[in-house]
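Participant: Here is a sequence together with a model predicted from it:
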Amino acid sequence: MKLFDVYPLNNITITKALGSHVWDENGTKYLDMYGGHAVISIGHTHPHWVKSIEEQLEKIAFYSNSVIIPLQKQLADKLGKVSDKEDYQLFLCNSGAEANENALKLASFHNGKKKVIAFSKSFHGRTSLAVAVTDNPSIVAPINETENVIFLPFNDEIALKACFEKHATDISSVIIEGIQGVGGIIEANDSFLQLIRCLCNQYNAVFIADSVQCGYGRSGLFFAHDHAGVNADIYSMAKGMGNGFPIGGILIAPYIKPKYGLLGTTFGGNQLACAAALAVLEVIEQDNLIANAASVGNYLQEELKKITALQNVRGKGLMIGFDVPEPLKDLKKTLLTDFKVFTGEAKPNVIRLLPSLALTKAQVDEFLTAIKAAIENLTPQP
Ligand SMILES: Cc1ncc(COP(=O)(O)O)c(C=O)c1O
């Protein structure tokens, strides 16, 4: 059987990984500044994470949500503590798209309304509602098209106010990434997030903070939206939550009341996934990884700003992007093939850095040496 050809692939097979490094089948070592697309939060194959999964596997991997699963409660308690959202409620699922799907659906169940405000260059996933609020018509199938989504320009306060005024009674929710990832590392302004909070209160709409990529400590605070000093009503999470073990979830404000039948899942919250996610939070807490993301990220960003060939260096913590000028358009490829460094990209010309939150200053220096040399190699000598 052939694989359905979904992705353009790098011709590399990774067979081993540890911390912020991976190795291919020939034993070649790579520095991972991409984190498998922002997924690796505590570092590849972290020993505590491996041990927790192994020990859980010996006991029970899965039983359905028809029985009590104490690990879910342990995970909720730890998540409440580490995120400082102890009064929120946790619903567990399996991916970022599923988290957003459930967030949008729950908001609509809660207030009985249909319209959603989303923003230009947003990415929220590929399932039906998640893709409908994603600003990329090329990935929206005809069956996913809906009149219920209103796209507004990102960070445009006037447009946001006008939209709420126009659709006063119809807006069910507003969904926004704290830092747009796929859109190219674009930060939501604090005042914009504060305005969303204010308008959602005024018009009985639900503020959904998509934290799938920018959350879980990556920005130097648990949620990137926390930088604005306001709380959302629902936070969607995935990627860093399991450090590679598939798990997603939503945090739900206490005023949104549960009822049987609103949400559900077969695999979400299974024992093995909870053991993995709990281990992630234990390591984040024990090793102060959120503070590490803030300080190492800040160092990385400051040093990148000194490289004059790179434009508009931006981001927060270990979610950093910069524009690559046309003469250096092969920088990402050169970093990978010649300098053995994985980075991410955003079309058309952005390099995205989404490494493990345990990245060290020495590894930043390793990266800086590589990128400076790659730029030099790509720059014609006079
Ligand atoms: C901000 C954001 N939301 C949602 C998703 C979808 O997550 P998943 O691929 O786990 O469905 C992504 C994936 O890149 C994302 O970056």
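Facilitator: Nice, I can see it.

Participant: use CA for all of it now, contacts and neighbours both
Facilitator: Will do.

Participant: tell me the mean pLDDT over stretch 11-30?
Facilitator: For stretch 11-30, mean pLDDT is 98.

Participant: what's the offset of that stretch from the middle of its chain?
Facilitator: The chain centroid and the centroid of stretch 11-30 are separated by 23 Å under CA atoms, centre = their mean, to the nearest Å.

Participant: contact partners of that stretch?
Facilitator: 31-33, 35, 42-46, 340-342, 355-356, 358-359 (CA atoms under 8 Å, 6 or more residues apart in numbering).

Participant: same thing but 7 Å
Facilitator: Leu31, Asp32, Gly43, His44, Thr45, His46, Lys340, Val341, Phe342, Ser356, Leu359 (CA atoms under 7 Å, 6 or more residues apart in numbering).

Participant: What segments of the stretch 1-150 of the chain are strands?
Facilitator: 14-18, 21-24, 29-32, 89-93, 115-119, 149-152 (DSSP state E, counting those that start in this stretch).

Participant: could you dump the ones you listed to CSV with mean neighbour count?
Facilitator: Shown next, in CSV, are those (neighbours: other CA atoms under 10 Å):
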stretch, mean neighbour count
strand 14-18, 14
strand 21-24, 19
strand 29-32, 22
strand 89-93, 22
strand 115-119, 22
strand 149-152, 18
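
Participant: one step back: farthest-separated two in the contacts of stretch 11-30?
Facilitator: Taking CA to CA as the measure, the contacts of stretch 11-30 span a maximum distance of 21.5 Å, between His46 and Lys340.

Participant: need the residues of this protein near the ligand, please.
Facilitator: Contact residues, the chain versus the ligand (CA under 6 Å from any ligand atom): 95-97, 123-125, 177, 181-182, 210, 212-213, 238.

Participant: Filter those down to just the buried residues.
Facilitator: Neighbour counting by 16 or more other CA atoms under 10 Å classes 95-97, 123-125, 177, 181-182, 210, 212-213, 238 among these as buried.

Participant: Filter those residues down to the ones in helices?
Facilitator: Residues of these located in helices (DSSP state H): Gly96, Ala97.

Participant: what's the closest of the buried ones among the residues of the chain next to the ligand to Gly264?
Facilitator: Using CA to CA, Ser95 comes nearest to Gly264 of these, at 13.7 Å.

Participant: With adjacent residues omitted, what lies nearest to the closest one?
Facilitator: Setting aside the residues directly before and after it, Ser95 is nearest to Gly248 in space (CA to CA, 6 or more residues apart in numbering), at 4.6 Å.

Participant: Now tabulate the buried ones among the residues of the chain next to the ligand in JSON lines and tack on distance to Glu282 and pLDDT.
Facilitator: Output for these, formatted as JSON lines (distance: CA to CA, whole Å; pLDDT from 0 to 100):
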{"residue": "Ser95", "distance to Glu282": "21", "pLDDT": "98"}
{"residue": "Gly96", "distance to Glu282": "21", "pLDDT": "98"}
{"residue": "Ala97", "distance to Glu282": "25", "pLDDT": "98"}
{"residue": "Phe123", "distance to Glu282": "29", "pLDDT": "98"}
{"residue": "His124", "distance to Glu282": "27", "pLDDT": "98"}
{"residue": "Gly125", "distance to Glu282": "28", "pLDDT": "98"}
{"residue": "Glu177", "distance to Glu282": "25", "pLDDT": "98"}
{"residue": "Gly181", "distance to Glu282": "26", "pLDDT": "98"}
{"residue": "Val182", "distance to Glu282": "28", "pLDDT": "98"}
{"residue": "Asp210", "distance to Glu282": "23", "pLDDT": "99"}
{"residue": "Val212", "distance to Glu282": "19", "pLDDT": "98"}
{"residue": "Gln213", "distance to Glu282": "20", "pLDDT": "98"}
{"residue": "Ala238", "distance to Glu282": "17", "pLDDT": "98"}
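
Participant: quick one, helices of the stretch 151-300 of the chain?
Facilitator: In the stretch 151-300 of the chain, the helices defined using DSSP state H, counting those that start in this stretch lie at 157-166, 190-203, 271-286, 289-305.
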